[in-house]
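Engineer: Please find the sequence and the predicted model below.
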Amino acid sequence: ERGVDRAKGMAPGERIPFFACGLSSVMHPKNPFAPTMHFNYRYFETDGGIWWFGGGTDITPSYLNEDDMKHFHGTYKQVCDKHDPEFYPKFKKWADGYFFI
């Protein structure tokens, strides 16, 4: 959860023992009509027992194919909606700001 004090109970400047791992993958197809895809997922855990996941996925077409974009965003919307209908618009807004060129 964003805004959670992950250093709760720690003195200012004290090191927070933690474990972290992640997975990142990029697909660069030879076919210029197939979009480049990227995902990055990570897991963090403090010795205090606080843990969280992060990451995301993006699609970068060389040639815009509206059907590809509808499929990509539609799939993620379906997954988000299973958990909370407010997730997709919230996360898409973050992504649109982050990936703005």
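Structural biologist: Great, that's in hand.

Engineer: So, low pLDDT: which residues of the protein?
Structural biologist: 1-8 (pLDDT under 70).

Engineer: where do the helices sit along this protein?
Structural biologist: 66-83, 87-98 (DSSP state H).

Engineer: Distance to Tyr41 added to those, as TSV?
Structural biologist: For every residue, glycine as well, the C-beta is placed using N, CA and C. What follows is the helices of the chain, written out as TSV (distance: least, C-beta to C-beta, whole Å):
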stretch	distance to Tyr41
helix 66-83	13
helix 87-98	14
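
Engineer: Make a markdown table out of the ones you listed and add mean neighbour count and distance to Gly49.
Structural biologist: Listed next are those as a markdown table, based on neighbours: other C-beta atoms under 10 Å; distance: least, C-beta to C-beta, whole Å:
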| stretch | mean neighbour count | distance to Gly49 |
| --- | --- | --- |
| helix 66-83 | 12 | 23 |
| helix 87-98 | 12 | 25 |
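
Engineer: between those helices, which gets nearest to Ile59?
Structural biologist: helix 66-83 (4.9 Å; C-beta to C-beta).

Engineer: so the closest one versus helix 87-98, what angle?
Structural biologist: Angle between the axes of helix 66-83 and helix 87-98 is 130 degrees (criterion: axes from the mean of the first three to the mean of the last three C-alpha atoms, to 10 degrees).

Engineer: Out of the helices of the chain, flag the one nearest Glu14.
Structural biologist: helix 87-98 (30.3 Å).

Engineer: Dump the closest one to CSV, keeping only the CA atoms.
Structural biologist: C-alpha atoms of helix 87-98 as CSV (Å, rounded to 0.1, in the frame of the first residue of the first chain):
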residue,chain,number,x,y,z
PHE,A,87,-7.6,0.1,-10.1
TYR,A,88,-7.5,0.3,-13.9
PRO,A,89,-8.3,4.0,-14.3
LYS,A,90,-6.0,4.8,-11.4
PHE,A,91,-3.0,2.7,-12.7
LYS,A,92,-3.5,3.8,-16.3
LYS,A,93,-3.3,7.4,-15.3
TRP,A,94,0.0,6.7,-13.4
ALA,A,95,1.3,4.9,-16.5
ASP,A,96,0.3,7.6,-18.9
GLY,A,97,2.1,10.2,-16.8
TYR,A,98,5.2,7.9,-16.3
